[in-house]
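K.L.:
Sequence and predicted model, in that order:
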Amino acid sequence: MSGKQQGTSWSLKEFTNRKFNILEEKSTIKTEILAGLTSFISISYIIAVNASVLSTTGMDYGAVTIATVFSAVVGCLLMAFLANSPLIITPGMSDNAFFAFTLVGAFGLTSPQALTVVLVVGILFTVIAASKIALKLASAIPGTLVSGMSVAIGFFVMFLGLKDGGIIIGNEGTLVALGNLSDPLPLTTLLTLLIAVILFERKVPANFLISIVAGTLIGIATGVVNLSEVTDFSFTLTPFIEGIGQFDFSSILTLDFWIAVFALLMMVLFQNLGSQLSMLPDRKKLPKAYLSNAISTLVSAVLGCNSTSTTAEGATGVAAGGRTGLTSLTAGLLFIPALFILPILSLIPMSAVAPILIIVGASMIQGNIKKIPFDEFSDAFPALFTIIMTLLTFNIADGIAFGFISYTLLKLVKNDTKELTGTTVLLSVIFILYFVLSFI
């Protein structure tokens, strides 16, 4: 009997190795699962936060919570089985802000009308990702902008960690400022960062997970974590089921509707392309990973949720050794039981996750900044402009747009047109139109 069990276990191991090409990727099942767990913990906050943002539009909080979970599950499973990629897909923070404050707020659409915009964008995104257009988009990005995007996302992730950890705070006069480091939140972040940096540099196995656990314990000691807030959590599927496919096509013939579609399409196309080019270890996986992102956006709309994105937090799983779809599969499956333990997950403070983001961001910068050709201004400036605008607009797509426009302009001014392709020029024009339509 025991031999039979061992044989079954070995067969499962063999199947997993073959399915995800784990040995070919020079990884192990244990490493992939730990990487997936790391990615999940880093992004688990999105369940509650996404629901909170969308509920400001009048959408049912419980329904959106469940829609967020299922959208993340679908996105991660697509990444796992379609692309065999370690990156993760969930409803994104910039995506939910666009949905709530631009589609519903600025354009005045109702939630069902805004979901219709996401649906149309999901369809267009899927058509583009499934065609050769996606590869043309990727090949049209000059090498200096690819490096600039990678560094930009590194700074973006690092800044996200500093902000969420309370080390950097908003300031009306200077936009940002140093927080009070004696306050519990930044103090916990710094202490956790110290532990995380030491473990990371010493290459201690599962160093990120150990750091997050240590940060949570420190948070309990400093008062950042309040154990008394742990309560039972129950939910019903009824509002979620009723919200599936609740679209309103009444505004589809209006100019505002199509301007909204164009703006969101530009964001999802280039935000996700930039993220995947920067974080994906194997570029051969890009087409299917991009298609996974597109399909997940379409499914998310049907489920009653905002568009999805390849999350920056997924870089933590890659940094933890994730190389295959088993990482994204692990992260995706963990979202399901998360519905039942939301109060426990809520105990993990951002001060425990923020140090991981800071380290991952720094690693991305370190590996890519030397690839920027600083000796040529027409190459260096667009990369640097991409970096600073991504950081200050807090939007990857906007940073890429400024990078493209400045690159094309400088090459034309320099009369170095051999460096320009028709696709690069066309995209620059489209980005200019994107800004014009966004601010008229």
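P.N.:
Now that the structure is in, tell me what you want to look at. Computed from a prediction, not measured in an experiment: that's the story for all the values here.
K.L.:
Return the distance of stretch 255-262 from the chain's centre.
P.N.:
Centroid separation between stretch 255-262 and its chain, computed with C-alpha atoms, centre = their mean, to the nearest Å, is 24 Å.
K.L.:
Next up, identify which helix or strand Val429 is on.
P.N.:
Assigned by DSSP states H and E, Val429 falls within helix 422-439.
K.L.:
would you list every one of the strands in the stretch 301-440 of the chain?
P.N.:
308-310 (DSSP state E, counting those that start in this stretch).
K.L.:
Ok, the stretch 151-300 of the chain next?
P.N.:
For the stretch 151-300 of the chain, the strands defined by DSSP E, counting those that start in this stretch occupy 168-171, 175-178.
K.L.:
which stretch among those strands comes nearest Val302?
P.N.:
Smallest distance to Val302 across those (C-beta to C-beta): 36.3 Å, for strand 168-171. (Glycine included, C-beta is placed from N, CA and C.)
K.L.:
which other helices and strands contact the helix holding Val429?
P.N.:
helix 133-139, helix 255-279, helix 396-413 (3 or more C-beta pairs under 8 Å, 6 or more residues apart in numbering; DSSP states H and E).
K.L.:
who wins for proximity to Thr423 among those helices?
P.N.:
Between Thr423 and the helices and strands packed on helix 422-439, the tightest spacing by C-beta to C-beta is seen for helix 133-139, at 5.5 Å.
K.L.:
how far is the closest one from where the chain is centred?
P.N.:
That offset, for helix 133-139, works out to 20 Å (C-alpha atoms, centre = their mean).
K.L.:
for that helix, packing partners?
P.N.:
Helix 133-139 sits against helix 255-279, helix 286-303, helix 422-439, with contacts defined as 3+ C-beta pairs under 8 Å, 6+ apart.
K.L.:
So which residues make contact with that helix?
P.N.:
Helix 133-139 has contacts (C-beta atoms under 8 Å, 6 or more residues apart in numbering) with Ile128, Leu269, Leu273, Leu277, Leu286, Pro287, Tyr290, Leu291, Thr423, Leu427.
K.L.:
One more: stretch 62-73?
P.N.:
So stretch 62-73 is contacted by 43, 46-48, 50-51, 54-55, 88-91, 235-237, 239-240, 242-243, 296, 299-300, 303-305, 308, 332-333, 335-336, 338-339 (C-beta under 8 Å, 6+ apart).
K.L.:
Out of those, which sit inside helices?
P.N.:
The helices, defined by DSSP state H, take in 43, 46-48, 50-51, 54-55, 239-240, 242-243, 296, 299-300, 303, 332-333, 335-336, 338 from the contacts of stretch 62-73.
K.L.:
Select only the buried ones of the residues you listed in PyMOL?
P.N.:
In PyMOL syntax, the buried subset of the ones in helices among the contacts of stretch 62-73 is picked out as below (16 or more other C-beta atoms under 10 Å):
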select buried, resi 43+46+47+50+51+54+55+239+240+243+296+299+300+303+332+333+335+338
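K.L.:
where do the helices sit along the stretch 51-200 of the chain?
P.N.:
For the stretch 51-200 of the chain, the helices defined by DSSP state H, counting those that start in this stretch occupy 61-78, 93-97, 111-130, 133-139, 143-164, 184-201.
K.L.:
can you list the helices and strands packed on helix 422-439 in CSV and add distance to Ile168 and mean pLDDT?
P.N.:
Below are those laid out as CSV (distance: least, C-beta to C-beta, whole Å; pLDDT from 0 to 100):
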stretch, distance to Ile168, mean pLDDT
helix 133-139, 33, 78
helix 255-279, 22, 85
helix 396-413, 18, 91
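K.L.:
for the stretch 1-150 of the chain, which spans come out with low pLDDT?
P.N.:
Scanning the stretch 1-150 of the chain for pLDDT under 70 picks out 1-10.
K.L.:
Could I get the contacting residues of the closest residue to Ile89 other than its chain neighbours?
P.N.:
Nearest residue to Ile89, sequence neighbours excluded (C-beta to C-beta, 6 or more residues apart in numbering): Gly75, at 2.9 Å. Going by C-beta under 8 Å, 6+ apart, Gly75 touches Ile88, Ile89, Thr90, Ser292, Asn293, Ser296, Val299, Ser300, Thr308, Gly332.
K.L.:
What of Phe247?
P.N.:
Counting by C-beta under 8 Å, 6+ apart, Phe247 has contacts Pro112, Leu115, Thr116, Leu119, Ala301.
K.L.:
In stretch 186-199, which residues are buried?
P.N.:
The neighbour-count criterion (16+ other C-beta under 10 Å) identifies Pro186, Leu187, Thr188, Thr189, Leu190, Leu191, Thr192, Leu193, Ile195, Ala196, Val197, Leu199 as the buried residues of stretch 186-199.
K.L.:
Nearest to Met350 among those residues?
P.N.:
Thr189 (8.0 Å).
K.L.:
How many residues are close by Glu236?
P.N.:
Just so we're on the same page, residue 236 is Thr rather than Glu. 10 (other C-beta atoms under 10 Å).
K.L.:
What's the separation between it and Thr174?
P.N.:
Thr236 sits 47 Å away from Thr174, taking C-beta to C-beta, to the nearest Å as the criterion.
K.L.:
what's the pLDDT at the residue positioned nearest the centre of the chain?
P.N.:
In the chain, the C-alpha closest to the average C-alpha coordinate belongs to Thr311, at a distance of 1.2 Å (C-alpha atoms, centre = their mean). Looking at Thr311, its pLDDT is 89.
K.L.:
for the residue lying closest to Ile365 once chain neighbours are set aside, what are its contacts?
P.N.:
Closest residue in space to Ile365, ignoring its immediate chain neighbours: Gly154 at 3.8 Å, by C-beta to C-beta, 6+ apart. By C-beta under 8 Å, 6+ apart, Gly154 lies in contact with Ser278, Gly361, Ala362, Ser363, Met364, Ile365, Gln366, Asn368.
K.L.:
my guess is the third one contacts Gly161, does it?
P.N.:
No: using C-beta atoms under 8 Å, Ala362 makes no contact with Gly161, being 9.4 Å away.
K.L.:
Which one's more surrounded, the two?
P.N.:
Higher neighbour count among Ala362 and Gly161: Gly161, with 27 against 17, using other C-beta under 10 Å.
K.L.:
Could you verify my assumption that that one touches Ala352?
P.N.:
No: with contact defined as C-beta under 8 Å, Gly161 does not count as touching Ala352 (11.0 Å).
K.L.:
shared neighbours, those two?
P.N.:
With C-beta under 8 Å, 6+ apart, Gly161 and Ala352 have no common neighbours.
K.L.:
Okay, the closest residue in space to Thr116 that isn't next to it in sequence and Phe159: tell me how far apart.
P.N.:
The shortest distance from Thr116 to any non-neighbouring residue, by C-beta to C-beta, 6+ apart, is to Phe247 (4.5 Å). Counting by C-beta to C-beta, the gap from Phe247 to Phe159 is 36 Å.
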